[in-house]
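K.L.:
Fold the following, please.
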Amino acid sequence: MASPGPFARPSSRRLDVVDGGRDLPAGRATDIDDLYQPVWHGLVPLTVSPKLRDIRSRLDGLPPAMDQNKWLPSDSDEDRREWIRANRAHIRDAAAYTGLPADMLAGIAWQEVQGDPKWADNMAVNYRRSQYEVWPEFQWVAEKVGLPGEADQTSMGPIAIQLRRSAEVLGYDPENLTRDQRDEIQKATQNPSTNIYIASEYLAQLNAESSFANVPADEMTPAQYQELAARYNGGPGWRTDDAQAYGRGFGMNIEDARRALND
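P.N.:
As a prediction, the model looks like this:
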């Protein structure tokens, strides 16, 4: 049987759709499949998914968000503080949109912003795309330079998130993407305004998979904050040492993030 094309409804996804798709209550989905929305119209794939269109509609009236460092690596707390302060309106709106505490999202931003510059992300995704898709038999070369895997596994954006995860939370089927859809996902992930909302959507998805999914945002405990941070870093492997260390780092820096958000 031929594999499904980019127009097909993924058979493993539950698409509860009425007139172009619906949003589930933010942070309250019980199955990752419920987060998918249709990204086709008839036999024509939609480049911009309904979820991405909805996010962009929320940006009306907000100032352009401050971008990540473009040229030089950075590990400056002052730069993190400046980024959160400059983008506090986006952080608060994205958190409200997804049903999360704003300081939870700000804390993840503190962990993720700065780091490698934007050009390094672009180089990584382009290298992986050519290496994996054009010369898959030479994956050993990619492993030698520390860039194994597919292009969709590349983390991008100020609040770093894998392109594959971006595709999922925006309602695309990552197994059946057109080139235009891939380009749109990468653009949205790297754009600082939409990136904040994508990261918040992913946090809401992770929150929905946790044991505290039904805890109101204003009643989450520090331990739940830290677990959600570990889930953001590790995904299914959130109990690993690296992900747990990330969660502890989040806990140590959350007050700095709160001050940047609220000063």
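K.L.:
just for this structure, where's the confidence low?
P.N.:
1-44, 71-72, 115, 117-152 (pLDDT under 70).
K.L.:
longest helix of it?
P.N.:
Criterion DSSP state H: the longest helix present in the chain is helix 241-262.
K.L.:
Which neighbouring elements make contact with it?
P.N.:
Contacts defined by 3 or more Cβ pairs under 8 Å, 6 or more residues apart in numbering; DSSP states H and E place helix 241-262 against helix 77-86, helix 88-98, helix 102-112, helix 222-234. Heads up, the C-betas are built off the backbone N, CA and C, glycines and all.
K.L.:
ranking these by burial, who's on top?
P.N.:
helix 102-112 (a mean of 25; mean count of other Cβ atoms under 10 Å).
K.L.:
and it, C-alpha only, in CSV?
P.N.:
The C-alpha coordinates for helix 102-112 follow below in CSV (Å, rounded to 0.1, in the frame of the first residue of the first chain):
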residue,chain,number,x,y,z
ALA,A,102,3.1,33.2,33.1
ASP,A,103,6.1,32.7,35.4
MET,A,104,6.3,29.1,34.3
LEU,A,105,6.8,30.2,30.7
ALA,A,106,9.2,32.9,31.8
GLY,A,107,11.2,30.4,33.7
ILE,A,108,11.6,28.2,30.6
ALA,A,109,12.6,31.3,28.7
TRP,A,110,15.3,32.0,31.2
GLN,A,111,16.7,28.5,30.7
GLU,A,112,16.5,28.6,26.9
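K.L.:
What helices and strands are in contact with it?
P.N.:
By 3+ Cβ pairs under 8 Å, 6+ apart, helix 102-112 packs against helix 77-86, helix 88-98, helix 192-208, helix 222-234, helix 241-262.
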